[in-house]
Every structure is written in structure tokens, then in C-alpha cells.
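**Q** starting from these lines, generate the structure:
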Amino acid sequence: MKKIIDNTIKVCYTENMKKEITYMISHLDLDGYGTSFVAKKFFTNIYIKNINYPDVLSEIKSALSKNPDRLIISDIWADTIDEETKKAFKNFKGKLLIFDHHISSVESQREIVGMSDRFQLIYDNTCCATASIATHFEFWLPSIGLINKYDMTGESDDLAGQLNTLFWEIDRGELLEVLNRTPFRFTCAEMSLLDKISKNQEELYKKVLETLEIYEVNNYSVAFIECAKYKSYILNRFLEKYDPVIMYDFNKETYSIRSLNPIASTIAEAHGGGGHEKAAGISQFVEKEALKKTIKKVVE
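**A** Presented below is the predicted three-dimensional model:
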């Protein structure tokens, strides 16, 4: 399954529609902010919350209670939609637009979209949510292509990876200026910052090595590590030797999972998480032994 679009009547957005009150909920990562960046270019009366997974249900209910003309949810979804939230969707009189590329969310999203012909789901796992929303609104900048490349490949050693690294180090006002650049390039100050970050990442990698626990199962060498910063870089470094890599963030008590084979999302879903086939996460604490049992079951 590559692409699903529900309720796909082509909408011609008039100037008045662009001025309608629009609420948007999106993820905290680069792709999530990328979708916000595109939406701000299009809607003139928009309120945006970039959040993490544990806050999805409360933010959805809060947005629905305000009865905006339009609610956009992009690059994020709840593990489960409770009955109270389903009722709030049923009572919502505005338009709902969902952009996503995480296969673990599709069935739940289709259930919600089926409640009204004013609701629309655009799901495409061949591109990131930023590229999807940019295509929908027919808006494109070089930075959108970079966001798509990073989010879909996770590569950290090129321009796209550098953009993701910079994203976590600068404020959101600076980010908007960076994303607007045509042609896309970094300033000398940004290149200097990236060089400093690179050195810090290498030092952190050495420290994370001290937390490494290897779990051998069925020809898989699984790496369990602990880290709370520069996650993409650290995960990719360990993925050079191990598969999959399970990273525990001791500050947030969450897990990031990367794999060379398409098993990351399957592991995450078994513990209430989700994501891409090779890049996923779990937003709650799970005992290591439980993760090992899941991995063993998945790779057998």
C-alpha cells in the first residue's frame, strides 16, 4: 500500500477560505515543523501547535472544542482514539484535513474520515508529510525537498541531514528564515555551528558506547543504547554495525528504533508506538526484557 486519498474532491481554495479560522496540530520534529511552514504560507488565520505523541488526544479535543472552520492534523496521530474524542469528531461542524505517512495510523484515520464528507485524509508513505501538504497546496521550495529526503532516508551526512541537525539547535524564527532560502544554502555562521555540533556528536558517540548492550537473536545483532541528544546521528552510527538499534531516552522515558530491515514499526506497534517500517518510536517506558521478547518474535 503506497497511497490512499479519501474524500478527494479537488478543492479550489478561494481567498475567503484562506482567511477562515484554521487550527493545526503537527509533530515536534523537522517534518512536523515543515508542514506548519507550508500551512502558514497558505492560510492567513491559522493557529498551530507542534506537539509530541502523548499530547495528541488532549490537543485534538481542545482544538475541536473551539469549533474552527478547519482543523489540520499532520505527521502525528494518537495510538488509539478514545470514544470521547470520536464523539468530538462526530460533532465537529468544520472541515478536517489529515496529512500523514505513518502506516500504523491509517486504519484509525480512515474511521474518523468516514464520519463526514467534510473530512479528508491524504496518506502517502512514499513521501514525508511536508512534501504531501506542499503538493496538495501546490507550493514548493528547495528546503521541502531536503526535509523529504531526510525524513524518508534518515541520512545525516549530507545537506538534508545538516538541516535536521540545525533544526534542533536554532529557534523557530531562525528556522523559518532558513526554510525560505532559494537557492538553499547555509550561512558561514551556520556552517561553523554545524562543525561544532559534529565534534560534539562524536564525543557523545563515545559516551553512548559505554551504555551498549548487544542482544544476539536469529542472526540479528540488536543494539540497546541510552541517549537523549543527537539521536539521528547516534542511531545511524550504531546502525552501521547493528540491526535493529533500540535507543532509550532516559529524560523522556521513550524509545527510538531504527532498522536496516523493515521491522522497526512492527516492534514499536507491539508496545503502543508506531512510525515507519525502518524508523519508529515508543512514547512510554517498556522493560528491556519485553522488548527482547518482541524482537525475537518479529525476527523468527
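**Q** got the contact list for V245?
**A** 222-223, 225, 235, 238-239, 257-259 (Cβ atoms under 8 Å, 6 or more residues apart in numbering). C-beta coordinates here come from the backbone N, C-alpha and C atoms, glycine included.
**Q** the same query, at a cut-off of 6 Å, please.
**A** 223, 235, 238-239, 258 (Cβ atoms under 6 Å, 6 or more residues apart in numbering).
**Q** which of those fall in helices?
**A** Among the contacts of V245, the members falling in helices (DSSP state H) are 235, 238-239.
**Q** tell me the one among those residues nearest to L141.
**A** Of all the ones in helices among the contacts of V245, L235 has the smallest distance to L141: 27.5 Å, by Cβ to Cβ.
**Q** thought P54 was touching I282?
**A** No: P54 lies out of contact with I282 (Cβ atoms under 6 Å); the separation is 11.2 Å.
**Q** which element is K229 on?
**A** Under the criterion DSSP states H and E, no helix or strand holds K229.
**Q** sorry, slip of the keys, the one I care about is K40.
**A** Counting by DSSP H and E, K40 is part of helix 30-42.
**Q** just the helices in the stretch 201-300 of the chain please.
**A** All helices of the stretch 201-300 of the chain, identified by DSSP state H, counting those that start in this stretch, fall at 231-239, 264-269, 288-299.
**Q** what is the first one packed up against?
**A** Pointing back at helix 231-239 there. helix 188-208, strand 245-249, strand 254-258 (3 or more Cβ pairs under 6 Å, 6 or more residues apart in numbering; DSSP states H and E).
**Q** and the second one, by the same measure?
**A** The contact analysis (3+ Cβ pairs under 6 Å, 6+ apart) places helix 264-269 against strand 254-258, strand 274-275, strand 279-282, helix 288-299.
**Q** now do the last one
**A** Applying 3+ Cβ pairs under 6 Å, 6+ apart, we find helix 288-299 packed against helix 264-269.
**Q** what is the nearest residue to I76 once chain neighbours are set aside paired to in the beta sheet?
**A** Leaving aside its sequence neighbours, I76 sits nearest to H27 (Cβ to Cβ, 6 or more residues apart in numbering; 4.3 Å). Judged by DSSP bridges, the bridge partners of H27 are I51.
**Q** from A223, how far off is H27?
**A** 25 Å (Cβ to Cβ, to the nearest Å).
**Q** so between the two, which is more surrounded?
**A** Neighbour totals were compared for H27 and A223, and H27 leads with 24 against 21 (other Cβ atoms under 10 Å).
**Q** pLDDT score for the more buried one?
**A** If you check H27, the pLDDT there is 93.
**Q** re the thing from before, nearest to P68, of the ones in helices among the contacts of V245?
**A** L235 (36.8 Å).
**Q** can you count the residues close to the nearest residue to that closest one once chain neighbours are set aside?
**A** Leaving aside its sequence neighbours, L235 sits nearest to R258 (Cβ to Cβ, 6+ apart; 4.5 Å). A total of 26 residues lie near R258 under the criterion other Cβ under 10 Å.
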